[in-house]
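**Q** Sequence first, predicted model second:
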Amino acid sequence: MRHLGVHLSADAFTPGHSARRHLRWLAALGGVPSGRADALLDEVGLRAVADRPVGGFSLGMRQRLGIASALVGNPRTLLLDEPLNGLDVAGVLWMRGPLRQWADESRCVVVASHALAEVERTADDVVMIEDGRIVAAGAVAEVRGPHTDLEASFAAHVPRVARGHAVAG
């Protein structure tokens with residue numbers, strides 16, 4: 001928890017627990033002071049709903065709670081799977097700030113995402129993976145190369161994508 005913070009699913013919560021209870025439980029599990037939970041609720045914008053059952057949260061609210069969960073131990077490395085999925089415009093704008101801040105703090109921030117326009121806007125480096133293999137890696141500009149954007153670059157690296165084919169089977 002102090003080395004690696006992970007958020008893989010917006011559904012990884014006990015629906016009857018409150019956000020505060022969930023974060024305090026994680027803090028206790030990791031030997032982190034319980035006050036960290038309240039600080040994180042403020043940081044992710046959930047203070048006003050901290051004592052409501054998570055089962056009634058919107059997808060965006062659960063995403064924010066998942067991000068807070070990954071931060072409980074103040075880890076040096078973060079692994080976030082589709083952290084912008086379900087966020088409203090305000091949430092997306094908010095999320096860009098912490099992503100940049102964490103990277104500027106020399107944390108390793110790994111974001112798995114299909115939203116390549118957002119990746120292009122926020123990432124320093126990109127690794128494109130298709131069918132379990134790396135098809136391109138490097139700085140955003142390097143991976144984009146001569147293409148108009150990362151989506152076009154991905155399509156150039158994976159021809160079946162450019163043709164609009166279905167998922168490989």
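**A** Received, thanks. Residues are numbered from 1 along each chain as shown.
**Q** ok now stretch 70-81, how far from the chain's centre?
**A** 10 Å (C-alpha atoms, centre = their mean, to the nearest Å).
**Q** buried ones in that stretch?
**A** Going by neighbour count (16 or more other C-beta atoms under 10 Å), the buried part of stretch 70-81 is Ala70, Leu71, Val72, Gly73, Pro75, Leu78, Leu79, Leu80. Placement of C-beta: from N, CA and C, glycine included.
**Q** Can you list the buried residues in the helix or strand where Leu23 lies?
**A** Taking DSSP states H and E as the criterion, Leu23 maps to helix 19-30. With burial defined by 16+ other C-beta under 10 Å, the residues of helix 19-30 counted as buried are Ala19, Arg20, Arg21, His22, Leu23, Arg24, Trp25, Leu26, Ala27.
**Q** ok, Gly31 - how many residues close by?
**A** 9 (other C-beta atoms under 10 Å).
**Q** how about the nearest residue to Glu120 once chain neighbours are set aside, what does it touch?
**A** Spatial nearest neighbour of Glu120, chain neighbours left out: Leu150 (4.7 Å); criterion: C-beta to C-beta, 6 or more residues apart in numbering. By C-beta atoms under 8 Å, 6 or more residues apart in numbering, Leu150 lies in contact with Leu116, Ala117, Val119, Glu120, Val126, Met128, Val140, Val143, Arg144.
**Q** Please tell me how far the first one sits from Leu80.
**A** So that's Leu116. 16 Å (C-beta to C-beta, to the nearest Å).
**Q** Least confident secondary structure element in this protein?
**A** helix 159-162 (a mean of 72; mean pLDDT, DSSP states H and E).
**Q** What lies in contact with it?
**A** Taking C-beta under 8 Å, 6+ apart as the rule, helix 159-162 contacts Glu130, Phe154, Ala155, Ala156, Ala168.
**Q** cool, and stretch 79-96?
**A** Here stretch 79-96 makes contact (C-beta under 8 Å, 6+ apart) with 4-10, 45, 58-60, 62-64, 66-67, 70, 109-115, 118, 121-122.
**Q** Show me the helices in this structure, by range?
**A** 19-30, 35-43, 59-71, 89-104, 116-122, 140-144, 150-157, 159-162 (DSSP state H).
**Q** I'd like those helices as TSV, with distance to Ala50 appended.
**A** Below are the helices of the chain laid out as TSV (distance: least, C-beta to C-beta, whole Å):
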stretch	distance to Ala50
helix 19-30	4
helix 35-43	5
helix 59-71	10
helix 89-104	17
helix 116-122	27
helix 140-144	36
helix 150-157	37
helix 159-162	42
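**Q** before we move on, back to that, find the pair from the contacts of helix 159-162 with maximum spatial separation.
**A** Using C-beta to C-beta, the contacts of helix 159-162 reach their maximum pairwise distance at Ala156 and Ala168, which is 17.1 Å.
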